[in-house]
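**Q** requesting a structural model of the entry that follows:
(chains A, B, C and D, ligands or ions: 2)
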Amino acid sequence: MSAELDSLYQEIILDHYKNPHHKGLREPFEAEVHHVNPTCGDEITLRVHLADGVVQDVSYDSLGCSISQASTSVMADLVIGKPVDEAMSIHEEFLALMQGKGTVEPDEEVLEDGIAFAGVAKFPARVKCALLSWMAWKDATARSLEESRG
Amino acid sequence: MSAELDSLYQEIILDHYKNPHHKGLREPFEAEVHHVNPTCGDEITLRVHLADGVVQDVSYDSLGCSISQASTSVMADLVIGKPVDEAMSIHEEFLALMQGKGTVEPDEEVLEDGIAFAGVAKFPARVKCALLSWMAWKDATARSLEESRG
Amino acid sequence: MKGLLPDLEVIRKDFPILERTLADGRPLVYLDSANTSQKPQCVIDAMVDHLEHHNANVARAMHQLGAEASEAFEAGRDKVAAFIGAPSRDEVIFTKNASEALNLVANTLLWAGPRRVGEGDVVVTTEMEHHSNIVPWQMLAERSGAELKWFTFTDEGHLDLSQVDELITERTKVVTLTWVSNMLGTINPIAEITRRAHEVGALVVVDASQAAPQLPIDLGAMPEAERPDLIAFTGHKVVGPTGIGVLWGSREVLEQLPPFLGGGEMIETVRMEGSTYAGIPHKFEAGTPPIVEAVGLGAAVDYLGAVGMEAIHAHEQAITRYALEGMQSVKGLRVLGPLDATQRGGAVSFEIEGLHPHDVSQVLDVRGVAVRAGHHCARPAHARFGVQSSTRMSSYLYTTPAEIDAFVDALNYTRSYFKLD
Amino acid sequence: MKGLLPDLEVIRKDFPILERTLADGRPLVYLDSANTSQKPQCVIDAMVDHLEHHNANVARAMHQLGAEASEAFEAGRDKVAAFIGAPSRDEVIFTKNASEALNLVANTLLWAGPRRVGEGDVVVTTEMEHHSNIVPWQMLAERSGAELKWFTFTDEGHLDLSQVDELITERTKVVTLTWVSNMLGTINPIAEITRRAHEVGALVVVDASQAAPQLPIDLGAMPEAERPDLIAFTGHKVVGPTGIGVLWGSREVLEQLPPFLGGGEMIETVRMEGSTYAGIPHKFEAGTPPIVEAVGLGAAVDYLGAVGMEAIHAHEQAITRYALEGMQSVKGLRVLGPLDATQRGGAVSFEIEGLHPHDVSQVLDVRGVAVRAGHHCARPAHARFGVQSSTRMSSYLYTTPAEIDAFVDALNYTRSYFKLD
Ligand SMILES: Cc1ncc(COP(=O)(O)O)c(C=O)c1O
Ligand SMILES: Cc1ncc(COP(=O)(O)O)c(C=O)c1O
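**A** Ligands and ions are numbered 1, 2, ... in the order given. Predicted structure coming up:
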């Protein structure tokens, strides 16, 4: 039993939960979004700052469970400083991992600490928790890009 | 099988169906009502003329199956010329017979040709057919009484 | 007989009710499938298994049972989406029946949004609709100030398409019609009418209640110009349970419509001062959805899919052709609707001179033949023929030629019982 | 333990799902009954028997199967009427769930009639409602121009009745509130509030979704001044199936309300130019009703009646008292709602300092204990406490003290798993 729980609550996840990286809302930003998980009420306000095709900053304020908080922290680590295209493909990779029901082997090269979420994929009800901030990031990034285009 | 059908389609019923009594809309009347059986579309327009506490006339125009047509004819026979109170108690008696699921023994003294409908009570779907005109009559009579009072 | 399902006897074994007997030990000849279909064992078993082993509320419950129930429920949505070839599974909304699905559309069109229907607009329906596709539009017209107009139909039971130009104009905001008539059996030219309606920017709402059980539907394969914007059907007519209906709508249109009922599951955030709403499909699914019903419906459309909708359609046509032939041999019988089996669905309404439909269905019932008598919730279509009601026989994938024989025999017996000759 | 159902082990045997095991072979400890209840075998069997032997459409079908189906369906209505002591069985309307029942009322109040809600009128609800009893009234307020006001509640989870005079005035047209809160567990003083609302002529709409499963309800025995005008509840929480809800309303009020959805069954006569409507209950039941669901719900309320609602209520109180005691022994745990078991229903929401509800429910789930985590469709009530979500345990007639022990153990284990001390 504890083994099953441990596969979900990896040390890395609990560490990020206790000490989230990049937390707080910062300037500058081109887009701010607010996403909610309607089933449980978890919320995130997230800002994206893009420049020269690179994710310069992701800042956020959020309330939620260990999985959603840790996932936000890991996401910020992964995308900040990356070209938008590369960040998007990391997003795709994380999404595929989460939707794979535990059958997808995570690539540590790409996902780094994100591989700790492999266990979450086996808990369908928690997948939404892990994806909340990623979806918010994708949404905000798309808006930032529109902003800069339009 | 034919026996079961015969218990429903008594000769008396088929006779009234072919040669309905008192049919047609006549003057004078105090109330006219229009009732519909929403499931099958059977309709009746019925007028009641009361005077001196007696049902002087019941006239009607109707469209419907053998049971509903015959029942209307028998009803008119039974109530025309009767004091309103007595007609109401005949109505009660007919209602009890119809709702008795075949367990009520009809009283020929009171119901005359109406006893032929005893078999209908065993066909729940047809009870509504037999009652359509009786309900219309009761409604029209109640309105006539209000009319004369008010 | 050509076109019959090859495994008809095997299929009949799937439907436990077909084995029961009625009064006097008579076998059941069920010819009322347009009213509601019978259920195969696999649908019943799927529901029982769900209730006995996986029952929990969905979406909101995060425990193991909740995950199982949610998965079973959403799998029902996937199966329905596959059954009609929906471009996206999120476009499938569960309602309580087809009537609610049609009301959902008529109701939300009254409120703010790009599709809003108002004063001066025209809503077009037809004279051959089921009441469930007339009354909601009457209500919309009354509440919005829009005008309700309708196609009439010919003596042969076909929509009078010469009215198209008059009815479908720049003022027309909605065109709604049935794919297959539940009374006449007519199959309407959905693609053609949809194309015309789309040309003027009107929304097309199709009542597929009688089409879904009988015709292969592949929305994704239809050219967009000819694809209706919304279609509705009902679980209990596609061998599924009562308590569930389906509204499919294109994502674009569903996103344009405001929410319908308010409550749990359809919200994003609720504050006392105001609320925001979830995306589709949840936006239109307030409250606990029909969970065990979605499980049953999923099993039902899987069953139909396994038999094959093409094969079911061919079977229906073969049976209907045989029935039409048999009925025309009955003296004084007039069919209300097309006589060509290839142009119609399997519901055949008729009248017999000198006999009231109640009396016909009564005699048939005593012989074990279950048909429907009345206006079949299509009073205007009856009025069009100057009749108040009719008798209707309707077959389905489990109907045999022998049952049609029993039906025709019973019609002849009825005439003789009432001494018509 | 005093108050427990004497035949608890026998009752548990009636519920097949209680015998199943979860991952790792752990027994199921189902403490999510306020979300949805489990189903006894007799309910499942009644549904199966109906589908296998008596399935047909109701009202409109006049053959033998149709008569059997109609009788079974209407018997469901009789049983529900008896269950709540309804003055008349025609006052029982079947909807798809409690949410639809509440929307039906909020929706029809917008349209013509003596009860119409308009500009300048006030609608009163409370801050402890389920979203399904908030959002419909927000929509009504927005569409009618009426003002929505609400009772707040105290730190102990009781309605702040000092607001009565301010909220219930001559302008108040509707007062709606939950009988038992699904989040706080609070039992509200329905009789008192109804009396006050009736004094100003306001309509009283009670959400009985959590009351019907737990409290004996006898509408007929209530003095008219204190009897709500309408009450709503849902089948799946009273050991019945999904896909069916109940709206009870006094005949007088139901007759004053215009129809809701339009379509088959709710009409008297349909012409293309306009329609007239049937009397209650059919006026509010458009389309094919939840037939097999009514059969299941009838069996469900019969089952509860046979066990006895007084006995079930006593059982719930005993279990809830025991649970509250156990929970208070858990360090850092705070109950959101009344602490006195005699003043509350069996849903107990709580938070544990330093733990997110998802994480609590996750650890519990791995131990086989099914509880709910989130806002339980009562976000405003959570906001009132300054929290975003909570964990909720909810018992029912099949819950044992041993299950409560397992639950409390699991809470302590959760604290230690997350190294809280
Ligand atoms: C108090 C309360 N009201 C309304 C509802 C809504 O019931 P349903 O989801 O069946 O419509 C619920 C349950 O979810 C409830 O607990
Ligand atoms: C053509 C058509 N439309 C709508 C309906 C309504 O379906 P339901 O009663 O399930 O809402 C029916 C069946 O009764 C129908 O045949």
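
**Q** wouldn't residue A:41 be in contact with residue D:388 here?
**A** Yes. Using Cβ atoms under 8 Å, residue A:41 makes contact with residue D:388 at a distance of 4.7 Å. For the C-beta atoms, the positions are set from N, CA and C on the backbone; glycine is no exception.

**Q** any common contacting residues for these two?
**A** D:375, D:382 (Cβ atoms under 8 Å, 6 or more residues apart in numbering or on different chains).

**Q** those two: which is more packed in?
**A** residue A:41 (23 against 20; other Cβ atoms under 10 Å in any protein chain shown).

**Q** list the residues that contact the more buried one.
**A** Contacts for residue A:41 (Cβ under 8 Å, 6+ apart) come out as D:374-375, D:379, D:382, D:388-389.

**Q** near ligand 1, which residues of chain C?
**A** With Cβ under 6 Å from any ligand atom as the criterion, chain C meets ligand 1 at residues C:264, C:287-288.

**Q** can you pick the most crowded of the contacts of residue A:41?
**A** residue D:375 (29 neighbours).

**Q** residues touching that one, list them.
**A** A:40-41, D:382, D:388-390.

**Q** what about the helices in chain A?
**A** Counting by DSSP state H, one finds helices in chain A at the ranges A:2-8, A:11-18, A:66-79, A:84-99, A:108-111, A:124-149.

**Q** ditto for the stretch 301-421 of chain C
**A** Remark: helices assigned in the stretch 301-421 of chain C by DSSP state H, counting those that start in this stretch are C:309-328, C:357-366, C:379-384, C:401-417.

**Q** which of the ones you listed sits most buried?
**A** Highest mean neighbour count of the helices of the stretch 301-421 of chain C: helix C:357-366, a mean of 26 (counted as mean count of other Cβ atoms under 10 Å in any protein chain shown).

**Q** distance between it and the chain's centre?
**A** Its chain's average C-alpha position is 25 Å from that of helix C:357-366, according to Cα atoms, centre = their mean, to the nearest Å.

**Q** ditto for stretch C:176-186
**A** 9 Å.

**Q** over to stretch C:164-182?
**A** 18 Å.

**Q** over to stretch C:125-137?
**A** Centre-to-centre, stretch C:125-137 and its host chain are 13 Å apart (Cα atoms, centre = their mean).

**Q** quick check: end-to-end length of that stretch?
**A** 8 Å (Cα to Cα, to the nearest Å).

**Q** and if you look at stretch C:94-113?
**A** Termini of stretch C:94-113 sit 22 Å apart (Cα to Cα).

**Q** tell me if it is near chain D.
**A** Yes. Legend: contact between stretch C:94-113 and chain D by Cβ under 8 Å from any Cβ of the partner chain is shown at C:95-100, C:102-103, C:106, C:111.

**Q** residue numbers of chain A in contact with chain D?
**A** So chain A meets chain D at A:1-2, A:4-5, A:8-9, A:14, A:39-43, A:63-68, A:123, A:126, A:129 (Cβ under 8 Å from any Cβ).

**Q** now with 6 Å, please.
**A** A:1, A:4-5, A:39-41, A:63, A:65-66 (Cβ under 6 Å from any Cβ of the partner chain).

**Q** only the buried subset of the residues you listed, as a PyMOL command please.
**A** Only the buried entries of the residues of chain A next to chain D go into this PyMOL selection, using 16 or more other Cβ atoms under 10 Å in any protein chain shown:
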select buried, chain A and resi 4+5+39+40+41+65+66
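
**Q** can you get me a residue count around residue C:376?
**A** Quick note: residue C:376 (other Cβ under 10 Å) scores 29 neighbours.

**Q** returning to that earlier point: okay, the contacts of residue A:41 in JSON lines with distance to ligand 2 and pLDDT next?
**A** Putting these into JSON lines (distance: Cβ to the nearest ligand atom, whole Å; pLDDT from 0 to 100) gives the following:
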{"residue": "D:374", "distance to ligand 2": "33", "pLDDT": "93"}
{"residue": "D:375", "distance to ligand 2": "33", "pLDDT": "93"}
{"residue": "D:379", "distance to ligand 2": "33", "pLDDT": "94"}
{"residue": "D:382", "distance to ligand 2": "37", "pLDDT": "95"}
{"residue": "D:388", "distance to ligand 2": "40", "pLDDT": "90"}
{"residue": "D:389", "distance to ligand 2": "37", "pLDDT": "93"}
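
**Q** how about stretch C:171-178 and chain D, any contact?
**A** No. Legend: contact between stretch C:171-178 and chain D by Cβ under 6 Å from any Cβ is lacking; minimum distance shown is 12.8 Å.

**Q** average pLDDT for that stretch?
**A** On average, the pLDDT along stretch C:171-178 is 98.

**Q** what is the neighbour count of residue C:263?
**A** Here the number of neighbours of residue C:263 (other Cβ under 10 Å) works out to 26.

**Q** name the nearest residue to it, sequence neighbours excluded.
**A** Using Cβ to Cβ, 6 or more residues apart in numbering or on different chains and skipping the chain neighbours, the partner closest in space to residue C:263 is residue D:132 (3.2 Å).

**Q** which residues touch the one you found?
**A** Applying Cβ atoms under 6 Å, 6 or more residues apart in numbering or on different chains, we find residue D:132 in contact with C:263-264, C:287, D:99, D:102.

**Q** switch the cut-off to 8 Å
**A** C:262-264, C:286-287, D:98-99, D:102-103, D:207, D:209, D:377.

**Q** please apply the same query to residue C:354.
**A** C:332, C:418, C:420.

**Q** what of residue C:148?
**A** C:122-125, C:137-138, C:140-141, D:272.

**Q** quick one on the thing from earlier: if we check ligand 2, which of the residues of chain A next to chain D are in contact?
**A** Counting by Cβ under 6 Å from any ligand atom, no member of the residues of chain A next to chain D is near ligand 2.

**Q** dump the residues of chain A next to chain D to JSON lines, plus distance to residue B:136.
**A** Below are the residues of chain A next to chain D laid out as JSON lines (distance: Cβ to Cβ, whole Å):
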{"residue": "A:1", "distance to residue B:136": "72"}
{"residue": "A:4", "distance to residue B:136": "71"}
{"residue": "A:5", "distance to residue B:136": "72"}
{"residue": "A:39", "distance to residue B:136": "55"}
{"residue": "A:40", "distance to residue B:136": "58"}
{"residue": "A:41", "distance to residue B:136": "58"}
{"residue": "A:63", "distance to residue B:136": "66"}
{"residue": "A:65", "distance to residue B:136": "66"}
{"residue": "A:66", "distance to residue B:136": "71"}
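
**Q** where is pLDDT lowest across the residues of chain A next to chain D?
**A** Lowest pLDDT among these: residue A:1, with 55.

**Q** lowest-confidence helix or strand of the chain?
**A** With no chain named, the answer covers chain A. helix A:2-8 (a mean of 89; mean pLDDT, DSSP states H and E).

**Q** you answered for a different chain; I wanted chain C.
**A** That would be, for chain C by mean pLDDT, DSSP H and E, strand C:267-271 at a mean of 92.

**Q** not counting its neighbours along the chain, what's nearest residue 65?
**A** Picked chain A for this. residue D:358 (3.4 Å).

**Q** chain C was what I was after
**A** residue C:56 (3.9 Å).

**Q** check contacts around that neighbour.
**A** Here residue C:56 is in contact with C:63, C:65-66, C:68-69, D:32, D:35-36, D:370 (Cβ under 8 Å, 6+ apart).
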